[in-house]
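**Q** With the input below, show me the fold.
(2 chains)
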Amino acid sequence: MTVLPELGLVRSGDLDKVLAAVDYEHAPYAGGTELVPAMGLGLRRPAAIVDLKRVEALKGIEVDADAGTVTVGAAVTHRRLSDHPGVRERLPTLAAAASRVGNARVRSTGTVGGNLCFAEPRSDLGCVLVALGAMAEVRSARGARTLSIDELIVGAFETSLAEDELLIAVTVPFEPAGTSYWKLQSYERPTLGVALVATDSQWEVTVGAATERPTRAVIAAGDAAGLAAFVDSLELSDDMTGPSDYKRSVLRARLQRALGVEL
Amino acid sequence: MTSPVATSTVIRVRVNGRDVEALVPVRLTVAELLRERLGLTGTKVSCEMQVCGACTVLVDGNPVSSCTALACDLDGTEVLTVEGLAQGRDLHPVQEAFMAANALQCGFCTPGFVMMAVALLDTCPAASADEIREWMDGNLCRCTGYAPIETAVTLAAARTDDGSPEDDQ
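**A** Purely as a prediction, here's the structure:
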């Protein structure tokens, strides 16, 4: 068994105390589904972990009917997200995607914030949240700011968070009709994810998992040439789940089928 | 942070119905606590990546990968391992079903599969075929004996749903 190096623990139920502790050497820690294996492999060596699980302010799910949004705390687990009646009603595609993340153990411990902030490209939630135009609330001891998930995830395993910043919550607009998420998956993570928000006037296409970060395009409905150009422009990864040509042909087939268009 | 940060903490946890109080280093995993300190070696460790499920235990009823969960998080919780399923000589219905369906070959993955099945049936006693696959597909069997495992969980679900007495409560 891998033995982890000595590790400190900062634990508080007070968000301000947690924010005062977080920096590169003091890593935010909730489900541990990404951080603990990364520490085991020696990819991440914080001096201490800062436990977020006792901070109630990070664990809420609030449906705001007036604003038309659902706000999900960063320390909400995938399982709580997918089981929540308000999320299932207002964000059915997100709830379904969360119910298929990883495996039942990952879903019962892994959190929305951990999933996004680890920025593993092969993520379902990142793709769906970019497609839905979700916003991230970020705080540090210095202040607060709001940015889109598209701005939060800047590359593979890379976010735009400063070392002392913490993702607090994600606010997601209610899903419009015509929203869907489909993925190709052979192993524990998706090979290709495709989120669509298709209306009579436009197609919003977000591609994830095979790209370094979720990549979104807005194309006029019926513009097959525009859609084909977007598919051709994507830099898709080449890995053990398949070469980029294979992923591109699967993507093309999926879009043809979902949008009823010849590519 | 200017104040020194603790590298160990005291946990009070109930493991298979027995109260345990221990001073644990923060770096200690749940699997290390169970196997090396409490002698509960039924829980196996394999991939250490949350992929194979061999190390599955239940923490407050939730399935957890004990190889990558930290023991410092167990304070105030109840842990159930494969050793805690049988009541004396009476096996748990899931264990009975695994025996009846011959759902094991080398047996290394079996404790993880059994614990995941227990978590599933505690959550949805009348689990459908789809739910069984959805919950069990995060466990790997290198002997590839998946069909009998699926049969066993289906059998256990049918027995549980019949209203047979639950003996793990």
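**Q** Do I have it right that residue B:34 meets residue B:43?
**A** Yes: assessed by C-beta atoms under 8 Å, residue B:34 is found in contact with residue B:43 at 5.2 Å. Glycine gets a C-beta too; all of them are placed from N, C-alpha and C.
**Q** tell me, what's touching the two both at once?
**A** By C-beta atoms under 8 Å, 6 or more residues apart in numbering or on different chains, residue B:34 and residue B:43 have these common neighbours: B:57, B:66, B:81.
**Q** Neighbours of the second one, how many?
**A** So the one you mean is residue B:66. Residue B:66 has 31 neighbouring residues, counting by other C-beta atoms under 10 Å in any protein chain shown.
**Q** Please apply the same query to the first one.
**A** Look at residue B:57: counted by other C-beta under 10 Å, it has 30 neighbours.
**Q** And it, how far from chain A?
**A** Separation of residue B:57 from chain A (C-beta to the nearest C-beta, to the nearest Å): 10 Å.
**Q** now swap in the last one and tell me
**A** Distance of residue B:81 to chain A, computed by C-beta to the nearest C-beta: 14 Å.
**Q** Return the per-residue confidence for that residue.
**A** Here, the pLDDT recorded for residue B:81 equals 98.
**Q** The first one now?
**A** pLDDT, residue B:57: 98.
**Q** Where does it sit: helix, strand or coil?
**A** strand (DSSP: H, G, I helix; E, B strand; the rest coil).
**Q** which residues in the chain form strands?
**A** Using chain A here. Listed in chain order, the strands of chain A (DSSP state E) span A:8-11, A:26-29, A:48-51, A:61-64, A:69-73, A:135-140, A:143-148, A:153-155, A:158-159, A:166-173, A:179-184, A:192-198, A:202-208, A:215-220.
**Q** That was the other one, I meant chain B.
**A** Taking DSSP E as the criterion, chain B carries its strands at B:8-15, B:18-25, B:56-59, B:62-65, B:78-80.
**Q** Dump the ones you listed to JSON lines, plus distance to residue A:70.
**A** JSON lines is the format used below for the strands of chain B (distance: least, C-beta to C-beta, whole Å):
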{"stretch": "strand B:8-15", "distance to residue A:70": "34"}
{"stretch": "strand B:18-25", "distance to residue A:70": "37"}
{"stretch": "strand B:56-59", "distance to residue A:70": "27"}
{"stretch": "strand B:62-65", "distance to residue A:70": "23"}
{"stretch": "strand B:78-80", "distance to residue A:70": "31"}
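**Q** I'd guessed residue A:95 sits against residue A:81; true?
**A** Yes: in this structure residue A:95 lies within contact range of residue A:81 using C-beta under 8 Å: 6.7 Å.
**Q** which neighbours do these two share?
**A** By C-beta under 8 Å, 6+ apart, the residues touching both residue A:95 and residue A:81 are residue A:87.
**Q** Look at the two and report which has more neighbours.
**A** More neighbours surround residue A:81 than the other of residue A:95 and residue A:81, with 26 against 22 (other C-beta under 10 Å).
**Q** Just the closest residue of chain B to chain A, please.
**A** Among the residues of chain B, residue B:138 lies closest to chain A, at 2.2 Å counting by C-beta to the nearest C-beta.
**Q** Was I right to think that residue contacts residue A:106?
**A** Yes: counting by C-beta under 8 Å, residue B:138 does reach residue A:106; the two are 7.3 Å apart.
**Q** Residue A:232: what's it in contact with?
**A** Shown in contact with residue A:232 (C-beta under 8 Å, 6+ apart): residue A:248.
**Q** beta partners for residue A:173?
**A** For residue A:173, the beta-bridge partners are residue A:69 (DSSP bridges).
**Q** gap between it and residue A:80?
**A** Look at residue A:173 and residue A:80: by C-beta to C-beta, to the nearest Å, they are 20 Å apart.
**Q** what do you get for residue A:119?
**A** Distance from residue A:119 to residue A:80, counting by C-beta to C-beta: 22 Å.
**Q** hang on, the earlier thing: of residue B:138 and residue A:106, which one has the most company?
**A** A count of neighbours by other C-beta under 10 Å puts residue A:106 above the other of residue B:138 and residue A:106, at 25 against 22.
**Q** Pick the most buried one from the strands of chain B.
**A** Most buried of the strands of chain B, by mean neighbour count (mean count of other C-beta atoms under 10 Å in any protein chain shown): strand B:62-65, with a mean of 27.
**Q** Okay, now the sheet partners of that one, with direction.
**A** Strand pairing for strand B:62-65, determined by DSSP bridges: strand B:56-59 (antiparallel).
**Q** Please report the residue range of the longest helix in chain B.
**A** helix B:146-161 (DSSP state H).
**Q** Show me which positions of that one end up buried.
**A** Neighbour-count burial for helix B:146-161, counted by 16 or more other C-beta atoms under 10 Å in any protein chain shown, picks out B:146, B:148-157, B:159-160.
**Q** sorry, back to before: who has more neighbours out of residue A:173 and residue A:80?
**A** The neighbour comparison of residue A:173 against residue A:80 (other C-beta under 10 Å) goes to residue A:80, with 19 against 15.
**Q** Can you give me the buried ones in stretch A:202-213?
**A** By 16+ other C-beta under 10 Å, the buried positions in stretch A:202-213 come out as A:203-213.
**Q** show me the contacts for the residue sitting nearest the centre point of chain B.
**A** The centroid of chain B falls nearest to residue B:57 when counting by C-alpha atoms, centre = their mean (2.5 Å). Counting by C-beta under 8 Å, 6+ apart, residue B:57 makes contact with B:30, B:34, B:43, B:63-64, B:66, B:79-81, B:115.
**Q** now swap in residue A:69 and tell me
**A** So residue A:69 contacts A:63, A:171-174 (C-beta under 8 Å, 6+ apart).
**Q** ok, 10 Å please
**A** Residues near residue A:69 by C-beta atoms under 10 Å, 6 or more residues apart in numbering or on different chains: A:62-63, A:90-91, A:134-135, A:170-174.
**Q** Of these, which is the nearest to chain B?
**A** Closest to chain B, out of all of those and judged by C-beta to the nearest C-beta, is residue A:91, at 19.5 Å.
**Q** neighbours around the nearest residue to the closest one once chain neighbours are set aside, how many?
**A** Closest residue to residue A:91 apart from its sequence neighbours, by C-beta to C-beta, 6 or more residues apart in numbering or on different chains: residue A:175 at 5.3 Å. Other residues near residue A:175 come to 20 when the count uses other C-beta under 10 Å.
**Q** Run a quick check on residue A:175 versus residue A:129, I expect a contact.
**A** No: with contacts counted by C-beta atoms under 10 Å, residue A:175 stays clear of residue A:129, the gap being 11.3 Å.
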